[in-house]
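> A predicted structure for the sequence below; I have some questions about it.
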Amino acid sequence: MFKTACIAALREVLGDDAADLDLGALLSPPPKVEMGDLAFPCFPLAKIRRAAPPKIAAELAAAMSAGGPIAEVKALGPYVNFFADPAAMLAGLHDGLADGSFVGACRSEAPKRVMIEFSQPNTHKVFHVGHLRNVSVGDALVRVLRARGHDVVAANYYGDFGIDVAKCLWWLGRHAQEEPPAEGRTAWLGDAYTAATLAVEEAEAKGKEAGDAVKASIREVLTGMEEGEPEITARYRETRQWCLDEFADIYGWLGVTFDTDFFESELEAAGNKVVDDGLAEGVFVESQGAIISDLESDSLPVALVRKSDGSSLYMTWDLALARRKFDEFNVEQSIYVVGSEQTLHFKQLFATLGKMGYERAKDCRHVSYELVMLPEGKMSSRKGTAIPFHQLRTRVLDAIRAKMAEAGSAIDEAAANKIAIACLKYGMLHVGNTRSVIFDIEDWTNPEGDTGAYLLYSLARIAGIQRKAGEGVDLGADVPADSGFGVEAERGLLNHLTAFPQIVKRVEDTCDPSVLANYVYEGAKRFSRFYSECPVLKAEPALKLARLKLAACTQRVFTEALSLLGIDAVESM
């Protein structure tokens, strides 16, 4: 392929000077198509060759000659710019997609066993639109790292125990006569949790004695859960299963799967053993009755690993969970997809794991992301302002059906569901992890905006071109050199497609799927320009072949890219 040929040409003229350079990473498309298809910056060679980068570029360009997919080599300032033979470049891309070598180029040379923990819903609380960002980011990272060749274990960690669950059960116990709904039971439990939270606040407003009394009665429920009190345990198990069943339904609709599940309720004993072991080994110390991990040497505040009353907390459970990941699953890298508000917690966790002797603690990574907001502001499960997922799904599907009806399209339920999922996932993924997401159902379902619907429409349009072209076109045939293929819109799209393996690598490096989401959107815009400026079906036979070939390559690359985002293509819209 073209990039491989450029790397080979550079290696030949650079000799030993190329030994410490990642030529593939240094080669990138220049800002304008007329400047070439790939450019090599000579700045890293300035010290090695003791010359100015423009002089080095001129020497290198003069020493290289065109041939194969390389049509021309020019020095432009401090860059060596390579111009591709468009027909040869297209043939290389098409053949690479046909034999799998192009997608195979995405694979890492150093595959690892990686665990990605994501989603982490709390039972007895509403699963809402905000949770979808975590699910979308985590699932995309699982898919991308698998495409990179890593042995990935997708893990979920359910918050199914603790005081928040006790709050919900306490409220249900006081309102035992209320019948649960047939659908949306997790949201109903979330309403109970919200009502319990408000009841505590109202009691506290009446005075300390009233507030303490309510808190004590909730604590009694928690004690009943811990000690297996029959009535409380029965209510806990039934309602917990409602949540797990509804979570499974949500994941099934989204096409998200997990290889293993962890439960907070199963980590209490293991967490206490970690603390006891750490105390015995001198890793942890006692402080005013509590057990802490002193992280002063890591410039971090002390981490509380067990409270003075003997109760455990999130750090206790996360230490036990990390031990399981390393010891039972033998992971080389552990990735946690959790909101940015937990940044300090994970810094303390990783530092503590290092103190415990886990060398792979340095390979733990917290992939943080910002909140999902509504146009009117922040969502809150505690205040009951979050949109339950079952309502979200219904509203998005209704919006998609309405837009299909407006366009005069037959409403295909399978297609409507794919489009709805694309709108939701892309809406979460095209915004970088460090920025908040604003959820707006009208904006997210717009088929003409920066949306999942627009991307699926672009793919459906390519499928339509191919249907009109019929089956008589042999896309494997060579494009003649004099076909006229290679105008700016064609080369711009072609260059964009060939960058796909580097984009996939960048997603792994940054753990930010927005890199890939924005790549597909930019590609869709480039295809739109190509489609409007370069007639396909009415072109002369040789040029028609080239453009159909480019359209087919676009469809293959975009379909692959969207699948890594967890989005399925549709044949028509």
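That came in fine, so what should we check first? Model, not experiment: these values are computed from the prediction.

> make it CA atoms for all contacts and neighbour counts henceforth
Fine.

> Quick check: what element follows the worst-scoring helix or strand of the chain on mean pLDDT along the chain?
The least trusted helix or strand in the chain, going by mean pLDDT, DSSP states H and E, turns out to be strand 377-378, with a mean of 76. Sequence-wise, the next helix or strand beyond strand 377-378 is helix 389-406, with elements assigned using DSSP states H and E.

> Please name every helix or strand in contact with the least confident helix or strand of the chain.
Counting contacts by 3 or more CA pairs under 8 Å, 6 or more residues apart in numbering; DSSP states H and E, strand 377-378 is packed against no other helix or strand.

> chain center to the helix or strand harbouring residue 496, what's the gap?
Element membership of residue 496, judged by DSSP H and E, is helix 488-498. Distance, stretch centre to chain centre, for helix 488-498: 26 Å (CA atoms, centre = their mean, to the nearest Å).

> cool, and stretch 228-238?
Counting by CA atoms, centre = their mean, stretch 228-238 is centred 37 Å from the centre of its parent chain.

> go on, stretch 496-516?
Between the mean C-alpha point of stretch 496-516 and the mean C-alpha point of its chain there is a distance of 11 Å (CA atoms, centre = their mean).

> what's the answer for stretch 557-566, then?
Between the mean C-alpha point of stretch 557-566 and the mean C-alpha point of its chain there is a distance of 12 Å (CA atoms, centre = their mean).

> Report the buried residues of that stretch.
Within stretch 557-566, the residues that qualify as buried by neighbour count (16 or more other CA atoms under 10 Å) are 557-562, 564-566.

> now, among the residues you listed, which is nearest to residue 8?
Checking the buried residues of stretch 557-566 against residue 8 by CA to CA gives residue 557 as the nearest, at 24.8 Å.

> Does the closest one lie in a helix or a strand, and which?
Using DSSP H and E, the secondary-structure element containing residue 557 is helix 541-564.

> Spell out which strands sit alongside the least confident helix or strand of the chain in the sheet and which way each one runs.
Using DSSP bridges, the neighbouring strands of strand 377-378 in the sheet come out as strand 372-374 (antiparallel).

> and the strand it pairs with, how far from the chain's centre?
So, by CA atoms, centre = their mean, the centroid of strand 372-374 is 18 Å from its chain's centroid.

> next one: stretch 275-283
Stretch 275-283 has its C-alpha centroid displaced from the chain centroid by 37 Å (CA atoms, centre = their mean).

> pLDDT averaged over it, what's the number?
Taken as a whole, stretch 275-283 has a mean pLDDT of 95.

> in that stretch, what counts as buried?
Neighbour-count burial for stretch 275-283 flags 275-276, 278-279, 283 (criterion: 16+ other CA under 10 Å).

> Next: stretch 200-213.
Residues of stretch 200-213 classed as buried by neighbour count (16+ other CA under 10 Å): 200, 203-204, 211.

> Quick check: end-to-end length of it?
Using CA to CA, to the nearest Å, the end-to-end distance of stretch 200-213 comes to 9 Å.

> How about residues contacting stretch 476-492?
The list of residues contacting stretch 476-492 from outside it, by CA atoms under 8 Å, 6 or more residues apart in numbering, reads 33-34, 37, 86-87, 91, 94-95, 526, 529-530, 533-534, 542-543, 545-547, 550.

> Of these, which qualify as buried by neighbour count?
Applying a neighbour-count criterion of 16+ other CA under 10 Å, the buried members of these are 33, 37, 86-87, 91, 94-95, 526, 530, 534, 542-543, 545-547, 550.

> what's the closest of the residues you listed to residue 192?
The shortest separation between residue 192 and any of the buried ones among the contacts of stretch 476-492 is 50.0 Å, and it belongs to residue 526 (by CA to CA).

> Could you check how far that closest one is from residue 520?
With distances taken as CA to CA, residue 526 is found 10 Å from residue 520.

> How about residue 173?
51 Å.

> Which one of the two is surrounded by more residues?
Here residue 173 and residue 520 are set side by side on neighbour count (other CA atoms under 10 Å), and the busier one is residue 520, at 23 against 15.

> State the distance from residue 432 to residue 512.
To residue 512, residue 432 is 7 Å away according to CA to CA.

> ah, wrong one, I meant residue 92
If you go by CA to CA, the gap between residue 92 and residue 512 works out to 29 Å.

> between these two, who's got more neighbours?
For residue 92 versus residue 512, the count of surrounding residues by other CA under 10 Å is larger for residue 512: 24 against 17.

> Report whether the more buried one is found in a helix, as I expect.
No. If the criterion is DSSP: H, G, I helix; E, B strand; the rest coil, then residue 512 is coil and not within a helix.

> residue ranges for the strands of the stretch 401-550 of the chain, please.
Using DSSP state E, counting those that start in this stretch, the strands of the stretch 401-550 of the chain run over residues 437-438.

> now do the stretch 101-250 of the chain
In chain order, the stretch 101-250 of the chain shows strands spanning 113-117, 151-158, with DSSP E, counting those that start in this stretch as the criterion.

> Identify the residues contacting the nearest residue to residue 538 once chain neighbours are set aside.
Here the nearest residue to residue 538 in space, its sequence neighbours aside, is residue 544; by CA to CA, 6 or more residues apart in numbering that works out to 7.2 Å. By CA under 8 Å, 6+ apart, the contact set of residue 544 is 536-538.

> Output these as TSV; include the columns distance to residue 287, pLDDT and neighbour count.
Compiled in TSV, the contacts of residue 544 are given as follows (distance: CA to CA, whole Å; pLDDT from 0 to 100; neighbours: other CA atoms under 10 Å):
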residue	distance to residue 287	pLDDT	neighbour count
536	75	95	22
537	77	93	16
538	80	93	10
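
> Residue 261 should be in a strand, yeah?
Yes. Counting by three-state DSSP, residue 261 is located in a strand.

> pretty sure it is in contact with residue 156, am I right?
Yes. If you go by CA atoms under 8 Å, residue 261 and residue 156 touch, sitting 4.9 Å apart.

> more neighbours, those two?
In this comparison of residue 261 against residue 156, neighbours counted by other CA under 10 Å, the higher total goes to residue 156 at 21 against 12.

> Show me how the chain divides into domains.
2-84, 113-264+331-374, 390-573 (automatic domain parsing).

> Nearest to residue 102, out of these?
Ranking these by distance to residue 102, with CA to CA as the measure, places domain 390-573 first at 7.7 Å.

> Pull up the distance across the closest one, start to finish.
25 Å.

> how far does it sit from the chain's center?
When distances are taken as CA atoms, centre = their mean, domain 390-573 is centred 18 Å away from the chain's centroid.

> what does stretch 128-148 give?
4 Å.

> May I have that stretch as CSV, with CA atoms only?
Output for stretch 128-148, consisting of C-alpha atoms alone and laid out as CSV, is shown next (Å, rounded to 0.1, in the frame of the first residue of the first chain):
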residue,chain,number,x,y,z
HIS,A,128,-31.0,6.7,33.3
VAL,A,129,-29.7,8.5,30.3
GLY,A,130,-26.5,9.5,32.1
HIS,A,131,-25.5,5.9,32.6
LEU,A,132,-25.5,5.4,28.9
ARG,A,133,-22.3,7.4,28.5
ASN,A,134,-20.4,4.9,30.6
VAL,A,135,-21.9,2.0,28.8
SER,A,136,-21.1,3.5,25.4
VAL,A,137,-17.5,4.4,26.2
GLY,A,138,-16.7,1.1,27.9
ASP,A,139,-18.2,-1.0,25.1
ALA,A,140,-16.4,1.0,22.4
LEU,A,141,-13.1,0.5,24.2
VAL,A,142,-13.7,-3.2,24.5
ARG,A,143,-14.4,-3.4,20.8
VAL,A,144,-11.4,-1.2,19.8
LEU,A,145,-8.9,-3.1,22.0
ARG,A,146,-10.1,-6.4,20.6
ALA,A,147,-9.7,-5.0,17.1
ARG,A,148,-6.2,-4.1,18.2
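
> pLDDT averaged over it - what is it?
On average, stretch 128-148 scores 96.

> Distance to residue 298 for the domains of the chain - can I get that in JSON lines?
Conversion of the domains of the chain to JSON lines gives the following (distance: least, CA to CA, whole Å):
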{"stretch": "domain 2-84", "distance to residue 298": "33"}
{"stretch": "domain 113-264+331-374", "distance to residue 298": "7"}
{"stretch": "domain 390-573", "distance to residue 298": "24"}
